[in-house]
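>>> Predicted model, plus sequence, below.
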Amino acid sequence: MDIDPLLLARIQFAFTITFHIIFPTFTIGLSAYIATLEVMWLYSGREHYHRLARYWTKIFAVSFAMGVVSGIVLSYQFGTNWSRFSEFAGNVIGPLMGYEVLTAFFLEATFLGIMLFGWDRVPKPLHVFSCIAVAAGTLMSAFWILAANSWMHTPQGHAIQNGIAVPVDWLQIIFNPSFPYRFAHMTTAAYLTTSFVVLAVGARYLLAGKFPDEAKTMLRMGVGFAAIVAPLQLFIGDQHGLNTLKHQPIKVAAMEAHWDGSKPGALVLFAWPDEKNERNLYEISIPYGASLILTHSTTGLFPGLKSVPPEERPPVKSVFFSFRIMVGIGLFMIASSILGAFLWWRRKLFDTRWYLLPMQHTWPLGFIAVVAGWFVTEQGRQPWLVQGIFRTAEGISPVAGGLVLSTLIAYVVVYAIVFSMGIYYINRLIVKGPVVGEGGKVSTGVPNRPMSAASESRS
Amino acid sequence: MEWYLPLIWALVIGFAVAMYVVLDGFDLGIGILFPFAESEKERDQMMNTVAPFWDGNETWLVLGGAGLLVAFPVAYAILMPAFYLPVTLMLLGLVLRGVSFEFRWIAKSSKYFWNAAFAGGSATAGFMQGVIVGGMVSGVAVQGTQYAGGSFDWFTPFNLMCGVAMLAGYALLGATWLVMKTEGPVAEHARKQAMLALYAVLFFMAAVSLWTPIEHPRIAERWFKLPNFFFFWPVPFVTALLSFLCWHWLRARNDYLPFLSAIGLFFMGYSGLVISNFPYLVPPVLDIWQTAGVPASQLFALMGALLMLPVLIGYTVFIYWVFRGKLKEGEGYH
Ligand code: HDD
Ligand code: HEM
Ligand code: HEM
């Protein structure tokens, strides 16, 4: 069969990594939240923190398991689908991934066992410590994999020898120009996403009149945290974009749908980029807006898409719209969390139904923004796999298109089953809520294994 | 440095793979034995014995894969496309098994589905790992530094037999693990299953040992060439001794020693693989020096590996110690 393996391999990678990133986003945030709850429990001795910690641990277990299995798939996909890329960049990004396994994955996996099954086997402080260790592990994991990914966007510290990239300065490779911004933006995104999940669940319980103590704690923690972090995310994202303008100006031009670099850029609110005729249709924009944001001057100039030939441009529509989805969600998060904080200050947070009603449905927003953000970042880099030095088309394995197609179909089928069941079970756990077992003792709803957590909701 | 770094890395990866095979081996073995359990209660008990460990066990596979990319990027870039389908099917098996493991506790009416997914996923993963090992013995078509064979080169009778052999081996590890960690009917069944698995393992070890030199003159030459032969003859001898001990300890109703001797058997099989291939990493043409990454990369990652390996072993010991002891019927780690 001669189907083009390149496009299929790209779709396969995009599909499997989009599936994967949903779970790290949640587990990075949730492990930190659970660790916070346990520390508060340890110091205050208040039982409802304990109940909340146990409740979220069950949900954590479900998402963590899905994160692990989808992650293992990715680490092998570099070889199966992108073998030429592995050969080209393996000397640089391989060790970074090696450090991720050595410093992060084993830490997570080991203390996860204690976090899930050790409630009654280890002393309380050791349990608290295990939660902190898992949270630290997820952060370290993000550190290394984002260093590898950022190097692909802003490569430095390497040399090209015999057609492959070899390391020259590891510190430069790890702390490449886009890495600090990406690490800050992504971890903040994870915490923000989680705080909206917590907030939404709290709102849902309050509206249903269930678990009022826990619901209020969740709502306060969610609103309070988001109100601080959402504006911070706008600031980090802005800095991230300014940095990208320096290193990947064409990506920024695609985000802004800015064609002609000889004129100041307008801030395009809506448009339909017409890639063939190199213009925007149905454009609604604020004149000079983009120039003001990116260059801090209404007359400032920045490169437009036309400054490079069409085959050097990323897919404009997708980058443009993904960027608007992310920023739109970011702005909504700022507005809604500050509104919530205001209501809290006026002591009306818990009984303002018009606020709680929509907020209970906001839990998916963060995930959508994260995926949209990654689409901006990764597609904006095209046609490069490693910006400026290695093209995506060069990275593909010498495999038959039919092979990539059939495995792609297999992934879609298996992931669809796993994903829908996973969401279904998490929802079941949420419906069940942080319940108290017999004798006033917190139900020993310790999952026998990560996902068996949800079985408790049956009994 | 260019001489000994690849050698050290080969040791590190060899160690990670050995850890993986033993640790995830019994874990997959439990999936392989799953269909033969007599009740849901027994299945629950079987699963509970690996609950806190499976994630850590699988992480050794990630270390092996990442280690190959770190230290031998050329080998990684050749072997993965060469075993494209076996690797992908193994991964899908691991996905299904990892989650079904969990989902079956929730599902009431569709529990049978997740039982099947757990067993099927484990068996697929184990079988494909055997096929890949067989493929490493058979050799891989290479041109320059890229894979040059077809999509189904791995699909040979010899490789498929290695897949079945791996299933038998994992079943033996799984059964002896259950002997060690459980009581009651589960342990009784496991004792019988371990015996059957042991016979199967012996059969396949003999088959592989005969078939390999016949089909692969390259390996026959290695085994039987004169100075080598003197060093290698203890391998079959120790294997026979370990099998006898395993058989004996199973009959003597010992709890721990059958598992240990099964691990020993695995190491003997593994050493056979090493003897047949070393120092080739992409047999029969590319060795560990030709596929190695540049020294700067190997050295940087090795510092981390040497620093962290003792810690990783510490983690592993720690978690097995926290959840030590036998698991009674109807008991989870509560
Ligand atoms: C920003 C964070 C982040 C990003 C961009 C990625 N991951 Fe991930 N990954 C994690 C954050 C994470 C995590 C938080 O550490 C996970 C998620 C849930 C979990 O179990 O650990 C994880 C799990 C996880 C595992 C299983 C670890 C185990 O056995 O315990 C592997 C092998 C990978 N990932 C590999 C990858 C690869 C090859 C990626 C890119 C191509 C990738 N991850 C992107
Ligand atoms: C975790 C969040 C990530 C997401 C959601 C993501 C998303 C994507 C998407 C959508 C594509 C397809 C782009 C296209 O073909 O137009 C892609 C490609 C790719 N990304 Fe990422 N990416 C992520 C992280 C990473 C990381 C951490 C790495 C490497 C260390 C990486 C390496 C690649 C590679 C090798 C490709 C394939 C070549 C290509 O099609 O561009 N990605 N990714
Ligand atoms: C509020 C305004 C925001 C701005 C101005 C902003 C800006 C940006 C920019 C410019 C990029 C692309 C960077 C590059 O590829 O060079 C990006 C990527 C990304 N954004 Fe945002 N962002 C905002 C909000 C959010 C929110 C609310 C989330 C999620 C909760 C989010 C998650 C992400 C992710 C995951 C990426 C990809 C990883 C990365 O490159 O950092 N962003 N953002």
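Yes, it's here. Ligands and ions are numbered 1, 2, ... in the order given.
>>> What's the nearest residue in the stretch 251-400 of chain A when you look at ligand 1?
residue A:374 (8.1 Å; C-beta to the nearest ligand atom). Using the backbone N, CA and C atoms, a C-beta is placed for each residue, glycine as well.
>>> Quick check: end-to-end length of stretch A:165-180?
22 Å (C-alpha to C-alpha, to the nearest Å).
>>> And the residue of the stretch 251-400 of chain A closest to ligand 1, how close does it get to residue A:322?
Applying C-beta to C-beta, to the nearest Å, the value for residue A:374 to residue A:322 is 8 Å.
>>> likewise residue A:361?
Taking C-beta to C-beta as the measure, residue A:361 falls 22 Å from residue A:322.
>>> Spatially nearest residue to residue B:149 (excluding sequence neighbours)?
residue B:141 (3.6 Å; C-beta to C-beta, 6 or more residues apart in numbering or on different chains).
>>> same deal with residue A:246?
Using C-beta to C-beta, 6+ apart and skipping the chain neighbours, the partner closest in space to residue A:246 is residue A:177 (7.5 Å).
>>> and the one you found, how many neighbours?
18 (other C-beta atoms under 10 Å in any protein chain shown).
>>> shaky segments in the stretch 301-450 of chain A?
Across the stretch 301-450 of chain A, the ranges flagged by pLDDT under 70 are A:436-450.
>>> Contact residues of it facing ligand 3?
Residues of the stretch 301-450 of chain A lying close to ligand 3 (C-beta under 6 Å from any ligand atom) are A:326-327, A:329-330, A:333, A:366, A:369-370, A:373-374, A:376-377, A:380.
>>> From the chain's centroid, how far away is stretch B:210-230?
Computed by C-alpha atoms, centre = their mean, to the nearest Å, the chain-centroid distance of stretch B:210-230 equals 24 Å.
>>> So for that stretch, what gets flagged as buried?
For stretch B:210-230, burial by neighbour count (16 or more other C-beta atoms under 10 Å in any protein chain shown) applies to B:211-213, B:216, B:218-219, B:222-223.
>>> Can you give me the neighbour number for residue 100?
Let's take chain A. A count of nearby residues for residue A:100, using other C-beta under 10 Å, gives 24.
>>> that's the wrong chain, I wanted chain B
Residues within reach of residue B:100, counting by other C-beta under 10 Å, total 26.
>>> Then residue A:284?
11.
>>> Quick one: list the elements packing against the helix or strand where it lies.
In this assignment (DSSP states H and E), residue A:284 forms part of strand A:279-286. Strand A:279-286 makes packing contacts with strand A:267-274 when contacts are defined by 3 or more C-beta pairs under 8 Å, 6 or more residues apart in numbering or on different chains; DSSP states H and E.
>>> Could I get the buried residue list for the strand it packs on?
Residues A:267-268, A:271, A:273 are the ones in strand A:267-274 that count as buried (16+ other C-beta under 10 Å).
>>> Show the contacting residues for residue A:336.
By C-beta atoms under 8 Å, 6 or more residues apart in numbering or on different chains, residue A:336 lies in contact with A:226, A:359, A:362.
>>> mind putting those in TSV, secondary structure included?
Below are the contacts of residue A:336 laid out as TSV (DSSP: H, G, I helix; E, B strand; the rest coil):
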residue	secondary structure
A:226	helix
A:359	helix
A:362	coil
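>>> can you list these in a markdown table and add distance to residue A:89 and neighbour count?
Converted to a markdown table, these look like this (distance: C-beta to C-beta, whole Å; neighbours: other C-beta atoms under 10 Å in any protein chain shown):
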| residue | distance to residue A:89 | neighbour count |
| --- | --- | --- |
| A:226 | 37 | 28 |
| A:359 | 43 | 25 |
| A:362 | 39 | 20 |
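>>> could those be laid out in TSV, adding distance to ligand 2?
Formatted as TSV, the contacts of residue A:336 follow (distance: C-beta to the nearest ligand atom, whole Å):
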residue	distance to ligand 2
A:226	22
A:359	26
A:362	21
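>>> From those, pick the one nearest chain B.
Closest approach to chain B among the contacts of residue A:336 (C-beta to the nearest C-beta): residue A:362, at 26.3 Å.
>>> where do the strands sit along chain B?
B:142-143, B:146-147, B:280-282, B:286-287 (DSSP state E).
>>> What sits closest to residue A:373 if chain neighbours are left out?
Nearest residue to residue A:373, sequence neighbours excluded (C-beta to C-beta, 6+ apart): residue A:326, at 4.7 Å.
>>> secondary structure element for the one you found?
Element membership for residue A:326, per DSSP H and E: helix A:316-345.
>>> now that helix, how far from the centre of its chain.
On C-alpha atoms, centre = their mean, the centre of helix A:316-345 falls 15 Å from that of its chain.
>>> near ligand 2 at all, it?
No. Under the criterion of C-beta under 6 Å from any ligand atom, helix A:316-345 makes no contact with ligand 2; the nearest approach is 7.5 Å.
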